[in-house]
Structures are given as C-alpha cells and as structure tokens.
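A.B. asks: dropping a prediction and its sequence here:
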Amino acid sequence: MSARGSVSFVLHAHLPFVRHPEHERFLEEDWLFEAITECYLPLLMTFEDLLQRGVRFRLNLVLTPTLLSMLSDPLLQGRYRRHLEGLIELADREVRRTRGDPCLQPLARMYRDRFRGAWDRYQACGGDLIGSFAELERQGCLEILTSAATHAFLPLLSPWPEAVRAQLRCAVRTHRRLLGRSPRAIWLPECGMYQDLDRLLGEQGLTTTVIDAHGLLHATPRPLLGVFAPAITPAGLVLFARDLESSRQVWSAREGYPGHPDYRDFYRDIGWDLPLNMVGPWIQPTGERKATGIKYHRITGPTPHKELYQPALASRRAALHAAHFVSERREQVNTLAPHLGGRDALIVAPFDAELFGHWWHEGPLFLAEVLRLLDLAPDLESASFASFLRASPPLQVVTPYLSSWGQHGYCGVWLDPSNEWIYNHLHHATERMIKLARAHPDEKGWTRRALDQCAREVLLAQSSDFPFMMKMGTTVDYAVRRVREHLEAAHELAQQIESGRIRRRALASLERRHNLFPDIDYRDFA
C-alpha cells in the first residue's frame, strides 16, 4: 500500500493600496487592473470551471485587506471597466491590423476573446469579485485567509504590540465586513514570525498561519516531523510551514517551470514593439511606453531573439509540468512515509497569486491540471488548512523562530541601507498614535474623524511594500513619496488634534483620497 499525502496550495493575493482620484489616469493603478485581468479573473474562472467539471479540490487563498479595499472601491471598479474596454478596443484593432498575417492573426483573436471573456465575467458579478470568491469558500473548495491591515512586516513592529494589534484588528474587521465572516487563518506579511506574535493573533480569533521552513525547523523543541506536519504554539496558534522542494520547482529562476521556452514571454509587449501612433492611447499620457498586456512571443531562450507564441504548445507544456509536479509530490510522500510514524505527509506550497496568470501566463492552466490530477490520485489530495486539520492527529507544541520568506530568511529585506531611513520616522509616528489613542479614549465629531484618519495614515506608512520597493530598486521614487506622504499627513493630523484645531476641509479631502477601512477605530492603537 502506497503512502498518502496532501498538497496544500496557498495563493497569496496582495497589492499595496494604490488609489489616486486626483489623477484621471495613474500608472501604479495599473498594478490592480493587470492583476484583475491576468490573475484574479482567470483564477476565479479556473476554479468555477473545475467545480462545473466535478473536480473536487481545496486550497487556500489570501485576500489582503488593502486588496479587498481596492476590489470593492466604486472609483477603481469604474476605472477598471474603462481599462478593460480600452483593452478590448486595442485587441479589435490588432485583429484588423494582423488580418493578412496567418501567424499573428490567431494570437490577436486570442487576446480579443480573452478580454471579452474577462469583461463578461466581471459584468456578470457586477464587479463583485470578492463575493464570487466568498461563494467558492461557501462551497468548500477555498479557505480565504486575511493578512495584516496594510501588509506591515510585523517583526519590525514587535516593540509596539499596540501597533500590531491595530494592524490585526483592522484586518479582521475588514475581512468580516467584505467577506461576511471572521477569518480563522492569517497570512503573516512576508511570513514574518516572531515570539509572542501567537498570543496577539489569538486575541483576534486567528488560530492558523504559514511560516517559512526555517521558522519551524529552528523552533524549540525541534519538530519531530519537520515541515511535513503542522505544529502548534503554546498560545494555540497552528503553524503550517513552507515546503522548499515544491516551491523550488515553481519559483526557481534556473529550474522553475515558468522559465520554459514554450511559455509566453512576459517582457515582450506591443506597448514597446509597435510604432507610437498605433499604441498611443494605451500608454502613458506623457508618451512614456508601458505594457498593454498583448504579448506575441514566447520565452524561446536567454537571447533577445524570441519566437512567436504558440498557445497549443504552451498548453501541452503546462499539462506536462503539472504531471511532473504531481509525480514529484508522490515520490516525496513515499520517501517521507517511513519517517512520519504512520501519519499522512502534508506539503505546503505557498506562492504569490500574481504568479498564476500575470507573471506566468500559463499558471492557471498548470494549477487546474494539478488539482484535477490530485482529485484522480488514490494516494494524494489537495487540502486547505481547515480541511487538513479536521482529520489531523494531535500536534506537537513548539515555539517558532524569528523568520520570514524574504531573501536570507530574516528581516534584511525590510531593514536595509536602502530603506532604513524610514524607521526613525515610522516609529515616532507609531508611538505618537498610541499616545493620541490613549489620551482620547472616546472622541466624537471632527476630532474622532481626525484620529481615525491619523490611524489610517500610520497604518499605510507601515506597509512592507514600500521598503521592499526601495530594496529591490523598483518604483523607488513612488515608494519614497508614498511613505513621506503618509508620515506627513499623520504628523499634520496629530498636531491638529493636540492643538484642538482641526482643519476640516483638508481632513475631508484626505478622507476622500485615502478612503480604505471605513470602519476603522483609532482606539485599536490604545
């Protein structure tokens, strides 16, 4: 009799809060629009198709509070519809332009059909992607996790448990408001774990999380079953740890599936390839070029030369890679079986959701085929955290180790010479917010609004995305500008609150621009 095991995918869907009503078009808002078109809608339709075909599957999906806030925002929903209408118009033009080219014409039609399909699905749910994912959770195939309110890297906030509580309370409140239930599981931003965090999570009813492999392997005592079974902390937090082998097969720059020559090349796009007069309305108003989402080439190889994309070839490759992934998990489970004392092995495979469809165009095809093969397998199954725990034997009690899934595994990505300048200011703003919350235990009216907005600005300044951008050297100017903007707004509001002179018009303007978390409570910081 062969060994049995479970594969638990975790798709971490997250974007920083980017909303700029003061501009008709804003480049960074494209992050959301591209993710909806290329990732969230394809994944949603993939899951719905699997259900219709009778495939039984379970997996974990993280919808962070900032992403939920943007997906539910009427302004951004309207802008997304206009963005998608523009893509359909561009694809229609491409179909006409390539009419005489038997190689490009099918690709242009593919994009036109894909954009129209995205439009139809988005309209069918009235733009309510959150409700569509919530329905999949009600049907038992998804477990939806929350995260910290603004995806703050919590180990660097650990000296201020009030700030960590504020991040968590706001997150739980947002999840409950938009998804209709309180979350039980949380994705710790960047898998950032530290001692005593389990107690703070438990206060908010959060009982399950994911950490990186070394966070569990270096726990005290050492886990007897390694990362292949969950453990539990003294405060009752269940820990699932990332399996490095399954992650490597997808993430590795050298060996990972997405780099195969048959797959679509992410970087070649008609926004750069075509003459300016053909793509002018779909790039920046300044004339600066950007990606449109229409890409006609495959990876081919490491040289600048790229062959045309062949969808059928890419689909076959995705199926082969899915079969290989499942085969490798079976071999992994059989190898582990003698060391697990009769327990079924658990393989936790967390990935950024945006990998599936955005960075890796064929990712949803790969995932669908993996889930189908797991449903057919007699010895393997897909699992969510909740479904696995329902049949799990008692868990070993451990105290986890400080860790993250960032480069080198600790705090270095978010505390680096490129971004360390922010922390003196950030910690000062955090301490000031705590003092304000304690000094004003029950405010009303404009003072209450100012305190709530000050709390929003501090939470936004704490986002891990901005120091990450600075470290990686991507959109650094934007990241610096955003951190300064939120810190300056918090400082101005704190001064007004302390002096008792609230600038009402300026406050109302700030509330309209940074309008996330409408049910925020500044007293969370107390």
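C.D. replies: Nice, I can see it.

A.B. asks: now the lengthiest helix in the chain: mean pLDDT?
C.D. replies: Scanning the chain for the helix with the most residues, using DSSP state H, yields helix 311-336. On average, the pLDDT along helix 311-336 is 97.

A.B. asks: how about that helix: buried residues?
C.D. replies: Neighbour-count burial for helix 311-336, counted by 16 or more other Cβ atoms under 10 Å, picks out 314, 317-319, 321-322, 325-326, 329-330, 332-333, 336. Quick note: C-beta positions are derived from backbone N, CA and C, even for glycine.

A.B. asks: over to stretch 203-218?
C.D. replies: So for stretch 203-218, counting by 16+ other Cβ under 10 Å, buried means 204, 206-217.

A.B. asks: swap in stretch 422-439?
C.D. replies: Going by neighbour count (16+ other Cβ under 10 Å), the buried part of stretch 422-439 is 422, 425-426, 429-430, 432-434, 436-437.

A.B. asks: from those, pick the one nearest Phe517.
C.D. replies: Met433 (14.3 Å; Cβ to Cβ).

A.B. asks: follow-up on the earlier one: redo the buried residues of stretch 203-218 as TSV? Include distance to Pro183, pLDDT and secondary structure.
C.D. replies: Shown next, in TSV, are the buried residues of stretch 203-218 (distance: Cβ to Cβ, whole Å; pLDDT from 0 to 100; DSSP: H, G, I helix; E, B strand; the rest coil):
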residue	distance to Pro183	pLDDT	secondary structure
Gln204	9	98	coil
Leu206	7	98	coil
Thr207	10	98	coil
Thr208	9	98	strand
Thr209	11	98	strand
Val210	13	98	strand
Ile211	17	98	strand
Asp212	21	97	coil
Ala213	24	97	helix
His214	26	96	helix
Gly215	21	96	helix
Leu216	22	97	helix
Leu217	27	97	helix
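
A.B. asks: show the pLDDT at the residue lying closest to Leu44 once chain neighbours are set aside.
C.D. replies: Nearest residue to Leu44 in three dimensions, chain neighbours excluded: Ser132, at 5.6 Å (Cβ to Cβ, 6 or more residues apart in numbering). pLDDT, Ser132: 98.

A.B. asks: nearest residue to Glu457 other than its sequence neighbours?
C.D. replies: Ala490 (4.0 Å).

A.B. asks: show me the contacts for the one you found.
C.D. replies: Counting by Cβ atoms under 8 Å, 6 or more residues apart in numbering, Ala490 touches 429, 432-433, 454, 457-458, 461.

A.B. asks: check the gap between it and Asp101 for me.
C.D. replies: Note on Ala490: its distance to Asp101, by Cβ to Cβ, to the nearest Å, is 55 Å.

A.B. asks: returning to what we had before: do you know how far the residue nearest to Glu457 is from Met433?
C.D. replies: For Ala490, the distance to Met433 - Cβ to Cβ - is 7 Å.

A.B. asks: and for Ala377?
C.D. replies: Applying Cβ to Cβ, the value for Ala377 to Met433 is 51 Å.

A.B. asks: under a three-state scheme, what state does Ile186 occupy?
C.D. replies: Assigned with DSSP: H, G, I helix; E, B strand; the rest coil, Ile186 falls in the strand class.

A.B. asks: grab the nearest non-local neighbour of it.
C.D. replies: Leaving aside its chain neighbours, Ile186 sits nearest to Leu206 (4.7 Å; criterion: Cβ to Cβ, 6+ apart).

A.B. asks: contacting residues for that neighbour?
C.D. replies: 146, 168, 172, 183-186, 237.

A.B. asks: what about it, distance to Leu395?
C.D. replies: With distances taken as Cβ to Cβ, Leu206 is found 16 Å from Leu395.

A.B. asks: and Leu355, by the same measure?
C.D. replies: According to Cβ to Cβ, Leu355 stands 30 Å off from Leu395.

A.B. asks: same question, Arg81
C.D. replies: Going from Arg81 to Leu395 by Cβ to Cβ gives 47 Å.

A.B. asks: same question, Glu457
C.D. replies: Going from Glu457 to Leu395 by Cβ to Cβ gives 40 Å.

A.B. asks: more crowded one of these two?
C.D. replies: Glu457 (23 against 17; other Cβ atoms under 10 Å).

A.B. asks: that one contacts Val483, correct?
C.D. replies: No: the pair Glu457 / Val483 is not scored as a contact, 10.7 Å apart, by Cβ atoms under 8 Å.

A.B. asks: ranges for the helices of the stretch 151-300 of the chain?
C.D. replies: Taking DSSP state H, counting those that start in this stretch, the helices of the stretch 151-300 of the chain run over residues 161-179, 197-203, 213-217, 244-251, 270-273, 276-279.

A.B. asks: including distance to Ile232, could these go into TSV?
C.D. replies: TSV is the format used below for these (distance: least, Cβ to Cβ, whole Å):
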stretch	distance to Ile232
helix 161-179	19
helix 197-203	9
helix 213-217	11
helix 244-251	22
helix 270-273	50
helix 276-279	54
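
A.B. asks: wait, which of these is closest to Leu63?
C.D. replies: Closest of the helices of the stretch 151-300 of the chain to Leu63 is helix 161-179, at 7.5 Å (criterion: Cβ to Cβ).

A.B. asks: state the helix or strand in which the nearest residue to Ala526 once chain neighbours are set aside lies.
C.D. replies: In space, and not counting its chain neighbours, Ala526 is closest to Ala437: 3.9 Å by Cβ to Cβ, 6+ apart. Assessed by DSSP states H and E, Ala437 sits inside helix 421-439.

A.B. asks: quick one: contacts of that helix?
C.D. replies: 156-157, 159-160, 162-163, 415, 451, 454-455, 457-458, 461-462, 466-467, 483, 487, 490-491, 494, 497-498, 522-526.

A.B. asks: mind checking the SS state of the residue located most distally from the centre of the chain?
C.D. replies: Here the chain reaches farthest from its C-alpha mean at Gly100, the gap being 41.0 Å by Cα atoms, centre = their mean. Using three-state DSSP, the structure places Gly100 in coil.

A.B. asks: now it: how far from Ala386?
C.D. replies: For Gly100, the distance to Ala386 - Cβ to Cβ - is 55 Å.

A.B. asks: got the buried residues for stretch 170-182?
C.D. replies: Of the residues in stretch 170-182, those buried (16+ other Cβ under 10 Å) are 170-175, 178-179.
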